[in-house]
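Undergrad: Give me the fold of what follows.
(one chain, ligands or ions: 1)
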Amino acid sequence: MTNDHVTLFHRHPRNPILTAADWPYPAHTVFNPGAIRLADGTTLLLCRVEDRRGHSHLSAARSANGIDGWVIDPTPTFQADPTNFPEELWGIEDARITLLEELGQYAIAYTAFGKAGPGVALALTKDFHTFERYGIVMQPDDKDAALLPRRINGLFALLHRPIADSGAHIWISYSPDLRNWGSHKLILNARKGAWWDANKVGLSPPLIETPGGWLMLYHGVRQTAAGGLYRVGVALFDLQDPEVCLLRGDAWIFGPEAEYERAGDVANVVFPCGYTICDDGDTIHLYYGAADTCIAMATGSIREIVAWLRAEGSPPHMATSI
Ligand code: BMA
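TA: Here you go, the predicted structure:
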């Protein structure tokens, strides 16, 4: 008998590609980067940098090939501003970046961590040097948010993960102006019992637009006696109506295996917050935090992931129940 599960993401041999040792100023750990390919092809990672207070800020690292030769901002790129935004008292974390062509700006959805708990905040930027804060858009406890790149039925759409009594599930909400949000709807739930994603699910990077639907990579958490296991699964949503989940994979497709994912500040965590897509329109570079300690990259094929989902996934009513 062979243990022949399909490998959809291939770790880069030079992983981890960025660690705190690469940082131009004191940092404890660097992880969970948002990612985007700029107009000139440069890969920009907006990395979560945790200092020795335990507070995080975001810093940009740029590279021509997205693998090495990183140029890291010499000082923090985007820091908490607790005087004006008290919800950022304990730092800002886990950026997800979306290019909003309509506004000609990048939208950054990030976790603002303050006394009320983690909430979803939004900022817009043209250049990753100056930022316009929109403040908190989803009240605590809520995180793992990203915007869709274009309006759906005339409205901006935000995926996010509130925690409620019913559990930690993925929701979608809509807004005419990025400030006022409503029409909230649960779109992907944590499964129960023995499932790998039984205890929490949350969006990982922003959705990927494919001809067959919005491809979602999400993290699922299973609580064990040794702590949480963070793995990545996949689901597909209707292009016109992203509330409709078409398919959901039963098995996870990427989980902690390498030593740098198995050991660190928080063991057994792979946590992607961003990707870039290469010129072929298919090859994806998935950037992820490993064990809440360093940054790694894995390469996959969007077509292969969708094909796997079509072969192995189930319509959600069969696989899930709240
Ligand atoms: C989640 C987030 C991530 C973190 C992960 C594992 O809840 O806070 O930032 O990587 O836990 O600790």
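
Undergrad: Would you check how far apart the residue of the stretch 101-250 of the chain with the smallest separation from the ligand and Arg151 are?
TA: The minimum distance from the stretch 101-250 of the chain to the ligand, using Cβ to the nearest ligand atom, falls at Tyr230 (5.7 Å). Where you see a C-beta, it was placed from the backbone N, CA and C, and this is true even at glycine. Distance of Tyr230 to Arg151, computed by Cβ to Cβ, to the nearest Å: 32 Å.

Undergrad: Neighbour count for those two, which is higher?
TA: When Tyr230 and Arg151 are compared for neighbours, Tyr230 comes out ahead with 29 against 14, by other Cβ atoms under 10 Å.

Undergrad: Let me see the ranges of the strands in the stretch 201-322 of the chain.
TA: Counting by DSSP state E, counting those that start in this stretch, residue ranges of the strands within the stretch 201-322 of the chain are 208-210, 213-224, 227-237, 245-248, 270-277, 283-290, 294-301.

Undergrad: now for the ones you listed, which one comes closest to Asp40?
TA: Minimum separation from Asp40 across the strands of the stretch 201-322 of the chain (Cβ to Cβ) falls at strand 270-277, 12.9 Å.

Undergrad: Listing partners with orientation, what would you give for the closest one?
TA: Each strand paired with strand 270-277, and its direction, by DSSP bridges: strand 283-290 (antiparallel).

Undergrad: then the partner strand to PDB, C-alphas only?
TA: C-alpha atoms of strand 283-290 as PDB (Å, rounded to 0.1, in the frame of the first residue of the first chain):
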ATOM      1  CA  THR A 283       1.400  29.200 -11.600                       C
ATOM      2  CA  ILE A 284       0.700  30.500  -8.100                       C
ATOM      3  CA  HIS A 285       3.300  31.400  -5.500                       C
ATOM      4  CA  LEU A 286       1.700  30.900  -2.100                       C
ATOM      5  CA  TYR A 287       3.300  32.900   0.700                       C
ATOM      6  CA  TYR A 288       2.700  31.700   4.200                       C
ATOM      7  CA  GLY A 289       3.800  32.000   7.800                       C
ATOM      8  CA  ALA A 290       5.400  28.900   9.200                       C
END
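
Undergrad: does any part of that strand sit near the ligand?
TA: Yes - using Cβ under 6 Å from any ligand atom, strand 283-290 reaches the ligand at Gly289.

Undergrad: how about the residue of the stretch 101-250 of the chain closest to the ligand, what does it touch?
TA: Under the criterion of Cβ atoms under 8 Å, 6 or more residues apart in numbering, the neighbours of Tyr230 are His219, Gly220, Val221, Gly255, Pro256, Asn268, Val269, Val270, Phe271.
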